[in-house]
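> Sharing a sequence plus its predicted fold:
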Amino acid sequence: MKVLVINSGSSTIKFRVYEASGAQLTEVASGSVERIGEEISTVSYRGPRGSIEYKVRVRDHEEGMRHVLRVLSDPERGVISDPSEIRGVGHRVVHGGSEITGAVVVDERVEGVIEKYAKMAPLHNPANLMGIRAAKRVFSGAVHVAVFDTAFHATLPEHAYLYAIPYEYYLKHGIRRYGFHGISYTYVSRRASEILGVPLERLKLIICHLGSGASVAAVMHGRCVDTSMGMTPLEGLVMGTRCGDIDPSVFYFLMKWEGLSADEVYDLLNYRSGLLGLSGISNDVRVLLEEYRRGNPAAARALRVFAYRVKKYIGAYMAAMNGADAIVLTAGIGERSPVVRKLILENMENLGVKLDEARNEDPASHGWVISSDDSRVKVLVIPTNEELVIAEETLKKVRELEGRGGA
Ligand code: ADP
C-alpha cells in the first residue's frame, strides 16, 4: 500500500510517497511543484529509478496536483501505474484551533474548521485547503487525512493557553494560545525517548524547533504543557522575519509614530522583523553566520538576540516542569548550527546543562547527544521528520476504515 504526503503552501506543493508494509513505512519518492501561479513553474521528482525535472506553466493547485500524478506515474521513473495505488493522502494543516485534537479524515466539517481558522493562519490554512481540494479531485479514490500542527498542543492547561485580556474575547473569538510545529514535536519527542532509552511517560523534555519559523515546547510525560507560539505563529522566539515576543504597545506606537495602518504593522512584524530586521542583512542564518565570522556586528547582534530568547524559554520551561531531563534541538538551525547551539546553551551549568564542544561539532557521530557525560540535563540534536508522522497517521486512518469495511 502506498501513502502520499502533501505539504501545500501558497505557491508550492511538496510531496513524498511511502510504501507501507505492516506498520513499517519506507520513503520511495519525493518532489515538488514550485512557483504555482507564476509564468514558469518547476516540477521536480526523485524516485528509485531516477529523477525528473521540467518547467511548465502551472496555474493553480489542481494543475499542480495533476503534475504530481504525472511524475508519480511516469512509465520509466514513476512508482505507480494507476492513481488508485495511492490509498491514503496525508495533508499537513497548520491551524485546527481547539476543535481538532488529532489526525482526522477530511470531510465537510474538517474543511469548515480549516476555513474557520484561516483568519488566524492566513498564510497557511487557505493554501493547505487548496492542496486538499486539489488532491481530492486528482486522487479521488484515496482516503484524505489532515494532520494538524496545533493538535499536539491540545493538552495545554488553561493557565498556559489563556491570555490576560478580558475573558469574553476568549469565548467570543477564541483568542488564546494554540501553538504550532506539533507534527515535528510528535516525531522528536518519540525519537528522544528512543535515544535516551526512557519511556516518554517518564521524561520531561524541552524541545526547540529552530527553523525559519521557530518555537519551543515543554513536554512533560508525553503531554505538551506549554509552548512559545501563540494564537498565531508570530509569538515567542525571534524568527527569520518574525519578531516573536514584544510589548503589545509597540504595535500602537508604530501606528502612531510611523503613520502605519494595522495591516502595515502586522506585515512589518511578520515579514520585516526577526533576524532580518535586527541585522538588516538576511533572514538566513547561514548568511548571518558567515558575516558573524567576519566580525560583522549587525550579524552578531541578531544572532545574540535570537539565542538569548531561546535560552530564556528553556529557563522558563525548566521552572514550569520543575526541571528537565533533556533539551532537544531540531529543524534547520537546531540541527545544523553548532555556533548557534553554543550561543544558546553556554553558561547554563548551574541549571545542570553542560555542552560537550566536540560532540556539539558532530552530533551524528556521538549518538545525537551533545552534552557532556556529567551534564544533569542531556542535550540532544534530532533531525525532525514531519512527513513520516503524517504518513503514519494517514496509514492508521486508512487501516481503521478498511477494517470497518470502508474505503
Ligand atoms: P523551514 O522548514 O521552517 O523553512 P528549516 O527547518 O529548513 O525551515 O530551517 C531553515 C533555517 O535553517 C534557515 O534560517 C536557514 O538559514 C537555517 N539553516 C539551514 N542550514 C543551516 C546551516 N548549515 N547552518 C545554520 N543554519 C542553517
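Here it is on my side, so go on. Please read these numbers as outputs of a predicted model, since none were measured by experiment.

> Return the per-residue confidence for residue 123.
Looking at residue 123, its pLDDT stands at 84.

> Oh, that last question was meant for residue 147, not what I typed.
With respect to pLDDT, residue 147 has a value of 97.

> Surely it is in contact with residue 103?
Yes - with contacts defined as C-beta atoms under 8 Å, residue 147 counts as touching residue 103 at a distance of 4.7 Å. Placement of C-beta: from N, CA and C, glycine included.

> who's more crowded, the two?
For residue 147 against residue 103, the residue with the higher neighbour count under other C-beta atoms under 10 Å is residue 147, and the figures read 27 against 21.

> Now the common contact residues for residue 147 and residue 103.
Listed contacts common to residue 147 and residue 103 are 90, 393, 394; contacts here mean C-beta atoms under 8 Å, 6 or more residues apart in numbering.

> Without its sequence neighbours, what residue ends up closest to the first one?
Read that as residue 90. Computed as C-beta to C-beta, 6 or more residues apart in numbering, the closest residue to residue 90 that is not its neighbour in sequence is residue 394, at 3.4 Å.

> tell me which element whichever residue of the stretch 251-400 of the chain sits closest to the ligand falls in.
Among all residues of the stretch 251-400 of the chain, residue 332 sits closest to the ligand, at 2.1 Å; criterion: C-beta to the nearest ligand atom. Counting by DSSP states H and E, the secondary-structure element that holds residue 332 is helix 331-336.

> picking up where we left off before, export the shared contacts of residue 147 and residue 103 to a markdown table and append columns for pLDDT and secondary structure.
Below are those laid out as a markdown table (pLDDT from 0 to 100; DSSP: H, G, I helix; E, B strand; the rest coil):
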| residue | pLDDT | secondary structure |
| --- | --- | --- |
| 90 | 98 | strand |
| 393 | 97 | helix |
| 394 | 97 | helix |
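
> In PyMOL, select just the buried ones from these.
Those of the shared contacts of residue 147 and residue 103 that meet the burial criterion (16 or more other C-beta atoms under 10 Å) are gathered into one PyMOL selection, given here:
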select buried, resi 90+393+394
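
> restrict the shared contacts of residue 147 and residue 103 to those near the ligand?
Checking the shared contacts of residue 147 and residue 103 against the ligand by C-beta under 6 Å from any ligand atom, not one of them is in range.

> Can you pull out the residues in contact with the lengthiest strand in the chain?
In the chain, with assignment by DSSP state E, the single longest strand is strand 24-34. For strand 24-34, the external contacting residues (C-beta under 8 Å, 6+ apart) are 2-3, 11-19, 41-48, 52, 58, 64, 67-68, 71-72, 78-79, 387-388, 391-392, 395.

> ok, then the element right after it?
The element immediately downstream of strand 24-34 (helix or strand, assigned by DSSP H and E) is strand 41-47.

> What's the mean pLDDT across the helix ranked longest in the chain?
In the chain, ranked by residue count with DSSP state H as the criterion, the top helix is helix 297-321. Confidence over helix 297-321 (mean pLDDT, whole number) is 98.

> Also stretch 210-222?
When pLDDT is averaged over stretch 210-222, the result is 97.

> quick one, strands of the chain?
Assigned strands in the chain, in chain order: 2-8, 13-21, 24-34, 41-47, 50-56, 86-93, 104-105, 143-148, 204-210, 214-220, 223-227, 326-330, 378-381 (criterion: DSSP E).

> Can you tell me the strand partners of the fifth one and which way each runs?
Within its sheet, and counting by DSSP bridges, strand 50-56 is paired with strand 41-47 (antiparallel).

> Please apply the same query to the first one.
Using DSSP bridges, the neighbouring strands of strand 2-8 in the sheet come out as strand 13-21 (antiparallel), strand 86-93 (parallel).

> Any chance of a markdown table for those strands, columns distance to residue 366?
Written out in a markdown table, the entries for those read as follows (distance: least, C-beta to C-beta, whole Å):
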| stretch | distance to residue 366 |
| --- | --- |
| strand 13-21 | 29 |
| strand 86-93 | 31 |
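
> Around the ligand, which positions in this structure sit nearby?
When proximity is defined as C-beta under 6 Å from any ligand atom, the chain approaches the ligand at 211-213, 240, 284-286, 289, 331-333, 336-337.
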